[in-house]
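1. Compute the structure for the input listed below.
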Amino acid sequence: MKTIIVGGVAGGMSAATRLRRLDEQAEIVVFERGAHVSYANCGLPYYVGGVIPRREALLLQTPESLDARFRLDVRTGHEVTGIDGAAKTVTVRRRDTGAEFTESYDHLVLSLGAAPFTPPLPGVERALTLRDVTDVDALAAATDTALTAGRRATVIGAGFIGVEVAENLAERGLSVTLVELADQVLPPLDPEMAWYIAEELIGRGIELRLGTQATAIGEDHVTLSDGTTVSSDLVLLSIGVRPETRLARAAGITIGDRGGVVLDAAMRTNLPQVYAVGDMVEKTDVLTGAAALVPLANVANKQGRRAADAIAGLPVPESSASALGTAVVKVFDLTAAATGASGKRLRAEGRQYVSVHIHPAHHAGYYPGARQMHLKMLMDPVTGAILGAQGVGAEGVERRIDVLATAIAGGLTGPDLIDLELAYAPPYGSAKDPVNMLGYLADNILAGEQVVSWNEVGPGSDPQIGARHGLLIDVRTPAEFAKGTIPGSVNIPVDELRARHEEIPPGHNTVFCQVGQRGHVASRMLGQLGHDVANLSGGWLTWSAGQKARALASGRRP
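-> Numbering: from 1, shown residues only. Model prediction:
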């Protein structure tokens with residue numbers, strides 16, 4: 001049996017090495033058009049920033065090491081230019097000589113990844129992209145040159161990779177401008193969560209230009225759609241990727257509406273014995289069952305393994321083609337992570353949901369070094385199904401998001417989080433872990449407690465929604481109230497509510513505190529005293545973050 005794998009790195013090499021472990025006698029040939037077949041592409045920004053000092057550390061395997069351990073015939077600098085599905089052959093071109101030849105296969109695995117999207121802008125050829133080792137060599141060299149010139153860099157695109165590159169360029173000593181078409185950084189996050197990352201970037205000296213895009217790239221500047229220019233000695237494009245499907249499309253492989261290769265659960269395309277994995281393929285969204293593009297290395301690794309299993313005749317779970325989109329990014333001293341759907345996406349899909357915000361310490365507050373984190377869970381208001389989660393903080397965020405991603409995959413509801421037994425000791429967590437706390441709040445909501453979100457009250461809220469929530473009651477202390485509150489609020493501290501509750505007029509009113517906990521106590525108390533009240537999810541801290549995000553989006557300094 002002969003298997004040809006087109007493309008290396010995560011998906012392709014996972015397929016190749018897994019297949020060898022399953023079948024010692026199989027003939028396995030890997031064609032890689034680039035110079036490197038196995039490298040840590042997620043580590044590329046950190047090599048530019050000097051965090052990873054040795055370039056060799058990025059190169060995980062070589063053709064020689066793969067041959068020695070796995071007996072793989074790995075040929076770099078070989079580009080597959082055509083597929084004949086009927087004859088079961090591929091046409092291959094040697095990039096050094098241009099010579100072409102054909103190679104037969106019994107099974108074919110495509111792992112061509114995704115290419116950075118490059119818009120047709122004047123001067124776009126002056127911009128760099130970051131996909132492979134060749135790209136990182138160019139970016140590292142350009143960074144060195146910029147350090148001897150004006151020390152100015154512009155990163156176009158504030159998604160996960162763009163933010164990582166901006167951080168690392170700033171760490172090298174460049175003055176960085178981050179340009180983003182959306183009105184926030186990290187568009188997969190909701191704005192009140194992304195605000196904490198924006199604040200960190202601004203605090204580190206990175207200039208944010210939101211709600212705008214590049215229209216031209218000059219020799220030493222970038223022109224933006226608002227008519228302004230940004231001086232730049234280095235420009236990096238990071239505005240998304242597109243599945244690399246030209247070869248598949250030419251071979252008659254079905255391409256879906258999202259632009260990726262269509263697969264069944266066993267990674268098979270519509271061509272017999274032809275498989276595809278990784279960023280070039282469409283995945284099935286776990287929440288909706290719809291096609292989705294999820295360009296993540298862990299998903300590509302999983303799919304490479306599953307393709308090898310299918311080739312070897314092993315059963316492949318139906319869930320193999322699905323993806324949740326769990327991701328994490330380091331931004332200086334903060335971590336941001338997300339899984340599943342955001343509130344923005346759910347609203348766009350017309351799906352009902354309720355938001356649960358908490359702001360706990362990452363471990364027991366009495367143990368030295370506790371750092372605050374910000375967590376948001378989105379839940380179906382009827383079934384309690386967990387639809388997504390986001391977190392930002394200095395420590396412990398990725399652990400909680402991983403637990404919530406596992407809960408979604410396992411079909412747990414919000415209230416089910418109460419019963420999770422998570423590792424606890426004061427240096428690592430609390431007796432009531434933040435994940436458990438999300439479960440408590442979810443259980444309260446499904447039991448009838450009314451909650452509202454930050455964008456439903458105060459200035460900027462929908463007028464009808466704002467009116468419906470009546471009086472805003474700040475139940476914090478007078479000292480906290482004096483430092484800042486939602487305009488129009490009245491201050492009745494929670495410890496005075498029983499004695500003063502008759503001051504509250506009839507109607508549907510809203511209570512809030514700093515993070516939501518005292519607001520919960522107040523809403524329970526007032527509800528039993530005959531009042532109709534809702535609690536502001538996440539309290540003043542969430543509302544304030546949302547308002548700052550709005551100010552930044554409108555071009556005002558928060």
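2. which residues touch the residue nearest to the spatial centre of the chain?
-> The residue lying closest to the centre of the chain (C-alpha atoms, centre = their mean) is Ala327, at 4.0 Å. By C-beta atoms under 8 Å, 6 or more residues apart in numbering, Ala327 lies in contact with 160, 188, 296, 337-339. Any C-beta I mention is one placed from the backbone N, CA and C, and that applies to glycine too.
3. Check Ile253 too.
-> 110, 245, 261-262, 269-271, 274, 276.
4. now with 7 Å?
-> Ile253 is in contact with 261, 269-271, 274, counting by C-beta atoms under 7 Å, 6 or more residues apart in numbering.
5. sorry, back to before: may I ask which of the contacts of Ala327 has the most neighbours?
-> The most crowded member of the contacts of Ala327, judged by other C-beta atoms under 10 Å, is Ala338 (28 neighbours).
6. chain center to stretch 117-127: distance?
-> Relative to its chain's centre, stretch 117-127 lies at 25 Å (C-alpha atoms, centre = their mean, to the nearest Å).
7. ok, then the element right after the helix or strand bottoming out on mean pLDDT in the chain?
-> Ranking every helix and strand in the chain by mean pLDDT, DSSP states H and E puts helix 463-468 at the bottom, with a mean of 54. Of the helices and strands lying after helix 463-468 in sequence (DSSP states H and E), the nearest is strand 472-474.
8. Show me what that next one is packed against.
-> strand 490-491, strand 508-512 (3 or more C-beta pairs under 7 Å, 6 or more residues apart in numbering; DSSP states H and E).
9. Of those, flag the one that's most buried.
-> strand 508-512 (a mean of 24; mean count of other C-beta atoms under 10 Å).
10. For it, the averaged confidence score.
-> For strand 508-512, the mean pLDDT works out to 95.
11. Just the ones of the contacts of Ala327 in strands?
-> Using DSSP state E, 337-339 are the members of the contacts of Ala327 that sit in strands.
12. Report the contact partners of Leu417.
-> 407, 435-436, 438-439, 442.
13. Correction: the previous question concerned Val74.
-> With C-beta under 7 Å, 6+ apart, Val74 has these contacts: 30, 32, 37, 63, 66-67.
14. Is the residue nearest to the centre of the chain bridged to anything, and to what?
-> Ala338 (DSSP bridges).
15. Now do the same for it: its pLDDT.
-> For Ala327, the predicted pLDDT is 96.
16. Taking the contacts of Val74, tell me the two that lie furthest apart.
-> Glu32 and Asp67 (13.5 Å; C-beta to C-beta).
17. Compare these two (neighbour count), which wins?
-> Glu32 (24 against 13).
18. I'd say that one and Val6 touch.
-> No: if you go by C-beta atoms under 7 Å, Glu32 and Val6 don't touch, sitting 8.2 Å apart.
19. Walking through the stretch 251-400 of the chain, point out its helices one by one.
-> 297-311, 343-348, 397-409 (DSSP state H, counting those that start in this stretch).
20. pLDDT averaged over the last one, what's the number?
-> This means helix 397-409. Per-residue pLDDT over helix 397-409 has a mean of 97.
21. now the second one
-> Mean pLDDT, helix 343-348: 95.
22. which parts of it are buried?
-> By neighbour count with 16 or more other C-beta atoms under 10 Å, helix 343-348 contains the buried residues 343, 345-346.
23. Kindly indicate which of those lies nearest Gly240.
-> Arg345 (16.0 Å).
24. before we move on, the earlier item: next, format the ones in strands among the contacts of Ala327 as JSON lines and append distance to Gly252 and pLDDT.
-> Shown next, in JSON lines, are the ones in strands among the contacts of Ala327 (distance: C-beta to C-beta, whole Å; pLDDT from 0 to 100):
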{"residue": "Ala337", "distance to Gly252": "40", "pLDDT": "98"}
{"residue": "Ala338", "distance to Gly252": "37", "pLDDT": "98"}
{"residue": "Thr339", "distance to Gly252": "36", "pLDDT": "98"}
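25. how about a markdown table for these, with distance to Leu420 added?
-> What follows is those, written out as a markdown table (distance: C-beta to C-beta, whole Å):
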| residue | distance to Leu420 |
| --- | --- |
| Ala337 | 18 |
| Ala338 | 20 |
| Thr339 | 16 |
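26. Relative to Gly304, which of those residues is nearest.
-> Thr339 (21.7 Å).
27. buried stuff in stretch 120-128?
-> Going by 16+ other C-beta under 10 Å, stretch 120-128 has these buried residues: 121, 123, 126-128.
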